[in-house]
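Engineer: Sequence unavailable; structure follows:
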């Protein structure tokens, strides 16, 4: 397309300079804060952070919830996306519109709705009481369950959209052909659908996982200080404790976890496809 | 070479214009909480600007940010006066950021309640407002006569408790400790009592605004709050009361401080004096923004019921001394995170 590389570089230069100034440099500065000890460069902030049992627990909880939300979103996402791509064109468009619709509503409003739904007098508890599954209201609010549900609802559309576009590129005959040749649905999924849609899974999975790790409003409102996650801990460390080295450690962990998730998803997708 | 010329002429222009403006008009830079600024502007800032013929520059933010800024600008202070909590004032005093206040230049100083006069005992702060912290509760569901009542088995699962990181957290723990007969400043006993019930307690709140919704949907029946958060609860169509526990009410105070090395000392003192005047304190109280520290302020019962008001209230507030709060703050957070946070 270009006569020489220099032209291509020149075109990319403004964006690259912008990204470097407003993103790479600040991130570098932020991360270096966590590597400064009293006597120069050191890992003491990391050692200190992980020596606190509470911090270990919050790290593991964040990882666990992120993985659970991503896995659940993938399962529901594949089923929904497959159903959507099998629909006639007009319905498909409307369905995708419905999936995207919640993303146009502020996460604050969506999260607050969960407070009403999951409350003691909320619809979930009323329904459970009505069918006789419980006498006294069950506590959902300010638990990991509430945070899990809030995050899943927040990020599921990203997974569905990524998988819909991946499944659209799946050759129409591939699945029927495999079925005719005797493959069951599990085999079809593992051997046909997954390998051919892995880019969608990687993109969707990374978006959902990264989103779950870095969401602040949902864990703050639905979990509160009883279910601290790295992001809410980060806020506490900065605004209350003024502990900037610890904040830098948390920021590094969040970035590292996001990159690791992306690499891991790539590995899973390529291993299954045998490539 | 060319660039240098452009830059230096630009700088000369900026400086020149700035210098001219300064000659015209004095400026006073204040640092305040980012709260009710529209009302402050009408009641306090604008009238003061007219009175002094000067210009007010208002910096806002939470106290952590503002203290960090003061520390960073220590060599060449930007802010002339600031309003912060008594604890933050003591921290600033220890860090050498603030100066002694010449109260002889404050004509309204004598009108203040005793607790507002030099609350830290170092001559470097003057209280302009204080508030009570007690318990908002459902009068039809429970009876609260002591801070310890909140932890009764039949009540605990309907209580929201302030997180240690909030302004209400330590005072509420201090009163719980008093109720348990344990008044050690390390707060270990009340933190342990809360930790025992941590699975029952609905949430450890960070923002009192969140409590209104929880109260409305009957998620909670009671929570320790500052009096300044009471108004939205009073508007709910629920039988809610303000507890007067036998151990008393606690609370907090905000103070005015003068930056060390501030250039506009006299103007800052004039501004502080105006803020403490009966006229301004009455208007701020009537707008239900801050409770008055000036004892001459008279307000209607309707207003008095929504703020922290009156000599008896002021006298009976059991406030945690700033030195205790400052010396124990990190230990409280560590103890809380270890026992309750997990």
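Structural biologist: In hand now; what should we look at? None of these values were measured; they are calculated from a predicted model.
Engineer: and chain A, which residues reach chain B?
Structural biologist: A:52-54, A:57, A:112, A:115-116, A:119-122, A:139, A:141-142, A:220-221, A:224-226, A:228, A:236, A:239-242 (C-beta under 8 Å from any C-beta of the partner chain). Using the backbone N, CA and C atoms, a C-beta is placed for each residue, glycine as well.
Engineer: for the closest residue to residue B:45 other than its chain neighbours, helix, strand, or coil?
Structural biologist: Leaving aside its sequence neighbours, residue B:45 sits nearest to residue B:56 (C-beta to C-beta, 6 or more residues apart in numbering or on different chains; 5.1 Å). Secondary structure, DSSP: H, G, I helix; E, B strand; the rest coil: residue B:56 is strand.
Engineer: So what sits opposite residue B:56 in the bridge?
Structural biologist: residue B:28 (DSSP bridges).
Engineer: Contact partners for it?
Structural biologist: Residues in contact with residue B:56, defined by C-beta atoms under 8 Å, 6 or more residues apart in numbering or on different chains, are B:27, B:28, B:29, B:30, B:45, B:48, B:49, B:271.
Engineer: go with 10 Å
Structural biologist: B:27-30, B:41, B:44-46, B:48-49, B:80, B:267, B:271 (C-beta atoms under 10 Å, 6 or more residues apart in numbering or on different chains).
Engineer: And the pLDDT for it?
Structural biologist: Residue B:56 carries a pLDDT score of 95 in this model.
Engineer: Just the buried residues of the contacts of residue B:56.
Structural biologist: B:28, B:29, B:30, B:44, B:45, B:48, B:49, B:80, B:267, B:271 (16 or more other C-beta atoms under 10 Å in any protein chain shown).
Engineer: SS state for residue B:79?
Structural biologist: coil.
Engineer: That one: how many residues sit nearby?
Structural biologist: Burial measure for residue B:79: 22 neighbouring residues, criterion other C-beta atoms under 10 Å in any protein chain shown.
Engineer: Is it correct that it is in contact with residue B:61?
Structural biologist: No: under the criterion of C-beta atoms under 10 Å, residue B:79 makes no contact with residue B:61, lying 11.0 Å away.
Engineer: can you pull the contacts of the closest residue to residue B:74 other than its chain neighbours?
Structural biologist: Among residues not flanking residue B:74 along the chain, residue B:97 sits closest, at 6.3 Å (C-beta to C-beta, 6+ apart). Taking C-beta under 10 Å, 6+ apart, we find residue B:97 in contact with B:67, B:70-71, B:73-74, B:77, B:79, B:82, B:89, B:91, B:124, B:257-261.
Engineer: Buried among the residues of chain A next to chain B? Need that as a selection in PyMOL.
Structural biologist: To isolate the buried members of the residues of chain A next to chain B in PyMOL, using 16+ other C-beta under 10 Å:
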select buried, chain A and resi 52+54+112+115+119+120+122+139+141+142+220+221+224+225+226+228+236+240+241
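Engineer: so after the helix or strand bottoming out on mean pLDDT in chain A, what's the next helix or strand?
Structural biologist: Here the helix or strand of chain A ranked lowest by mean pLDDT, DSSP states H and E is strand A:36-37, holding a mean of 75. Proceeding N to C from strand A:36-37, the next assigned helix or strand is strand A:40-41, under DSSP states H and E.
Engineer: what mean pLDDT would you report for that following strand?
Structural biologist: Strand A:40-41 shows a mean pLDDT of 80.
Engineer: Tell me the helix or strand right after that strand.
Structural biologist: Next along from strand A:40-41, by DSSP H and E: helix A:44-51.
Engineer: What is the subsequent helix or strand relative to that next one?
Structural biologist: helix A:53-85.
Engineer: List the buried residues for whichever helix or strand comes after that following helix?
Structural biologist: Following helix A:53-85 in sequence order, the next helix or strand is helix A:89-100 (DSSP H and E). Across helix A:89-100, burial judged by 16+ other C-beta under 10 Å covers A:92, A:95, A:96, A:99.
Engineer: do stretch B:228-242 as well
Structural biologist: B:228, B:229, B:230, B:233, B:240, B:241, B:242.
Engineer: what's the overlap in contacts for residue B:79 and residue B:61?
Structural biologist: In contact with both residue B:79 and residue B:61: B:31, B:32, B:69, using C-beta under 10 Å, 6+ apart.
Engineer: Name the strands paired with the least confident helix or strand of chain A and say parallel or antiparallel.
Structural biologist: Next to strand A:36-37 in the sheet, as set by DSSP bridges, lie strand A:40-41 (antiparallel).
Engineer: Run through who's touching the strand it pairs with.
Structural biologist: So strand A:40-41 is contacted by A:32, A:35 (C-beta under 10 Å, 6+ apart).
Engineer: and it, how far from the chain's centre?
Structural biologist: 34 Å (C-alpha atoms, centre = their mean, to the nearest Å).
Engineer: Run through the chain and note the low-pLDDT ranges.
Structural biologist: Looking at chain A here, since you left the chain open. Along chain A, the model assigns pLDDT under 70 to residues A:1-3, A:271-275.
Engineer: please go with chain B instead
Structural biologist: B:1-24, B:342.
Engineer: Which segments of it make up each domain?
Structural biologist: According to automatic domain parsing, chain B comprises the domains B:2-129+B:254-309, B:131-251+B:321-339.
Engineer: gap between residue A:167 and residue A:94?
Structural biologist: 17 Å (C-beta to C-beta, to the nearest Å).
Engineer: ah, wrong one, I meant residue A:108
Structural biologist: On the measure of C-beta to C-beta, residue A:108 and residue A:94 end up 27 Å apart.
Engineer: Kindly report the same for residue A:66.
Structural biologist: With C-beta to C-beta as the criterion, residue A:66 and residue A:94 are 31 Å apart.
Engineer: And residue A:255, by the same measure?
Structural biologist: Going from residue A:255 to residue A:94 by C-beta to C-beta gives 38 Å.
Engineer: Give me the neighbour count for residue 38.
Structural biologist: No chain specified, so I'll use chain A. So residue A:38, with other C-beta under 10 Å, has 6 neighbours.
Engineer: I was after chain B.
Structural biologist: That count, for residue B:38 with other C-beta under 10 Å as the rule, works out to 8.
Engineer: so where does it fall, helix or strand?
Structural biologist: helix B:37-40.
Engineer: Mind checking what secondary structure the most centrally placed residue in chain B has?
Structural biologist: What sits nearest the mean C-alpha location of chain B, by C-alpha atoms, centre = their mean, is residue B:254, with 4.3 Å. Look at residue B:254: counting by three-state DSSP, its state is strand.
Engineer: now residue B:291
Structural biologist: Taking three-state DSSP as the rule, one finds residue B:291 in the coil state.
Engineer: Equivalent analysis for residue B:30, please.
Structural biologist: Classified using three-state DSSP, residue B:30 is strand.
Engineer: and it, what does it touch?
Structural biologist: With C-beta under 10 Å, 6+ apart, residue B:30 has these contacts: B:40, B:44-45, B:48, B:56-60, B:79-83, B:256, B:259, B:268, B:271-272, B:275.
Engineer: Go ahead and confirm residue B:76 touches residue B:70.
Structural biologist: No: Residue B:76 is beyond contact range of residue B:70, at 11.5 Å (criterion: C-beta under 10 Å).
Engineer: In terms of neighbours, single out the busier of the two.
Structural biologist: Between residue B:76 and residue B:70, counted using other C-beta under 10 Å, residue B:70 has the larger neighbour count: 24 against 7.
Engineer: and the closest residue in space to that one that isn't next to it in sequence, how far is that from residue B:85?
Structural biologist: Distances taken as C-beta to C-beta, 6+ apart put residue B:97 closest to residue B:70, at 5.1 Å, once the chain neighbours are dropped. When distance is defined by C-beta to C-beta, residue B:97 is 14 Å away from residue B:85.
Engineer: And residue A:60, by the same measure?
Structural biologist: Distance from residue A:60 to residue B:85, by C-beta to C-beta: 35 Å.
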